[in-house]
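Undergrad: generate coordinates for the sequence data below:
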Amino acid sequence: MAQNIFTKAMAKKLSLLLTLVIFFAGCETIDIDPDYPTTFERLPSSTLEQLRTEFAQNNVYLNSSLSDFGFCSRFDYDVSPIIPPVLDTLTENEAVDLVRAFVSLNPSATGVRNLSDFLIEKIWSRSGYYDGSISWIAKSSNQMVDTIEVLESQIHFNIKNRELVSVENNWFPDIYIPENFVFNQGRAKSKLEGKTVSHYTLSGDIFYLTISAEDLNSSIIKLVIMPVTTDEKIELRVTWQIWIDSVAYIIYVDVMNGEILREEPTMIS
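TA: Presented below is the predicted three-dimensional model:
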């Protein structure tokens, strides 16, 4: 009798153990890379105040300042810049030289460590101001890390009366790219099979599409780096950009943990 009770108890334990083994075997295993992702923390208030003061002193005509992370930011209402005097108009080459000089002198604020990597993608002039001044608007290309594009990293410059009056956005120094990806192209795509996406019609109605294996086989995939920003930090996530034209969606999947970071419909409704 005692032996039967013992046998039943052991069988119950073995059954529970087998259930746990099957459960964990079915779970995705994620290798932890302690260096990933590259992260920029929000700066302490005292450090940020000092950096902003020094930045304003060195750039008296700028109406933009530094973000909470120490990078060039958008218009700052707390900044009271000196209005640059109306002088002779810059040539395009002079405007380019002025932008490159600023980038060279402000590597921390712009995130550009190597000036030879910095390219101006577009530059154009603008006139018609009430005081007769002419401005130049310039924007850089997105940052590249080897052959991988960093999304949303174009830096925008505004020159007025031969002086820079605003600089917005930044590149990122020392972005870490893992040597081995946990989610390769195939695994990233398979994560999306059966996923439902939605679209709105011109009348405001919504309809849904389910991503099939066939959709994924015809998709276009490439590596990009996506800045993911919260109030406390910026993470530079290496990501598969998967363009699924048959369902009119672009979906971004983290190469290390498989997280879907963003979904963008490409259908114009």
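Undergrad: what's the nearest residue to F40 if we skip its chain neighbours?
TA: Excluding its sequence neighbours, the residue lying closest to F40 (C-beta to C-beta, 6 or more residues apart in numbering) is I234, at 4.4 Å. All C-beta atoms are positioned from the backbone trio N, CA, C, and that covers glycine.
Undergrad: which is the succeeding secondary structure element to whichever strand or helix holds the one you found?
TA: Element membership for I234 (DSSP states H and E) is strand 233-244. Once the chain leaves strand 233-244, the next helix or strand it forms, by DSSP H and E, is strand 249-254.
Undergrad: distance from the chain centre to that following strand, please.
TA: 13 Å (C-alpha atoms, centre = their mean, to the nearest Å).
Undergrad: alpha carbons of it, in CSV - could you do that?
TA: Listed next in CSV are the C-alpha coordinates belonging to strand 249-254 (Å, rounded to 0.1, in the frame of the first residue of the first chain):
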residue,chain,number,x,y,z
TYR,A,249,2.7,48.0,-44.0
ILE,A,250,6.3,48.6,-42.8
ILE,A,251,7.0,46.8,-39.5
TYR,A,252,10.2,47.2,-37.4
VAL,A,253,11.5,44.2,-35.4
ASP,A,254,14.4,44.4,-32.9
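Undergrad: for that strand, packing partners?
TA: helix 185-192, strand 233-244, strand 260-265 (3 or more C-beta pairs under 8 Å, 6 or more residues apart in numbering; DSSP states H and E).
Undergrad: run through who's touching it.
TA: By C-beta atoms under 8 Å, 6 or more residues apart in numbering, the residues outside strand 249-254 that reach it are 183, 188, 191-192, 195, 197, 211, 224, 226, 237-244, 259-266.
Undergrad: select only the buried ones of those in PyMOL?
TA: Applying 16 or more other C-beta atoms under 10 Å to the contacts of strand 249-254, the buried members can be selected in PyMOL as follows:
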select buried, resi 183+188+191+192+195+197+211+226+237+238+239+240+241+242+244+261
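Undergrad: and stretch 73-89, what's its mean pLDDT?
TA: The average pLDDT within stretch 73-89 is 77.
Undergrad: make 767 the starting number, not 1.
TA: All set: I'll call the first residue 767, so the last point we hit is now stretch 839-855.
Undergrad: in it, what's buried?
TA: Buried residues in stretch 839-855 (16+ other C-beta under 10 Å): S839, D842, P847, P850, T855.
Undergrad: starting at the chain centroid, how far to it?
TA: 28 Å.
Undergrad: kindly export that stretch (C-alpha atoms) in PDB.
TA: Output of stretch 839-855 as PDB, limited to C-alpha atoms (Å, rounded to 0.1, in the frame of the first residue of the first chain):
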ATOM      1  CA  SER A 839      17.100  70.500 -29.700                       C
ATOM      2  CA  ARG A 840      14.200  72.500 -31.100                       C
ATOM      3  CA  PHE A 841      13.300  76.100 -30.500                       C
ATOM      4  CA  ASP A 842      13.600  77.100 -26.900                       C
ATOM      5  CA  TYR A 843      11.400  79.800 -25.600                       C
ATOM      6  CA  ASP A 844      13.700  80.400 -22.600                       C
ATOM      7  CA  VAL A 845      16.500  81.400 -24.900                       C
ATOM      8  CA  SER A 846      16.800  85.100 -25.800                       C
ATOM      9  CA  PRO A 847      19.300  85.200 -28.600                       C
ATOM     10  CA  ILE A 848      21.000  88.300 -30.000                       C
ATOM     11  CA  ILE A 849      19.400  89.200 -33.400                       C
ATOM     12  CA  PRO A 850      22.100  89.000 -36.000                       C
ATOM     13  CA  PRO A 851      22.800  92.200 -38.000                       C
ATOM     14  CA  VAL A 852      21.800  92.400 -41.700                       C
ATOM     15  CA  LEU A 853      24.900  91.900 -43.700                       C
ATOM     16  CA  ASP A 854      25.800  90.800 -47.200                       C
ATOM     17  CA  THR A 855      24.200  87.500 -48.300                       C
END
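Undergrad: list of residues touching it?
TA: With contacts defined as C-beta under 8 Å, 6+ apart, stretch 839-855 is touched by 822, 826-833, 891, 897-900, 926-929, 931-932, 934.
Undergrad: now with 10 Å?
TA: Under the contact criterion C-beta atoms under 10 Å, 6 or more residues apart in numbering, stretch 839-855 has outside partners 818, 821-822, 825-833, 860-861, 875, 891, 893, 895, 897-902, 922, 924-936.
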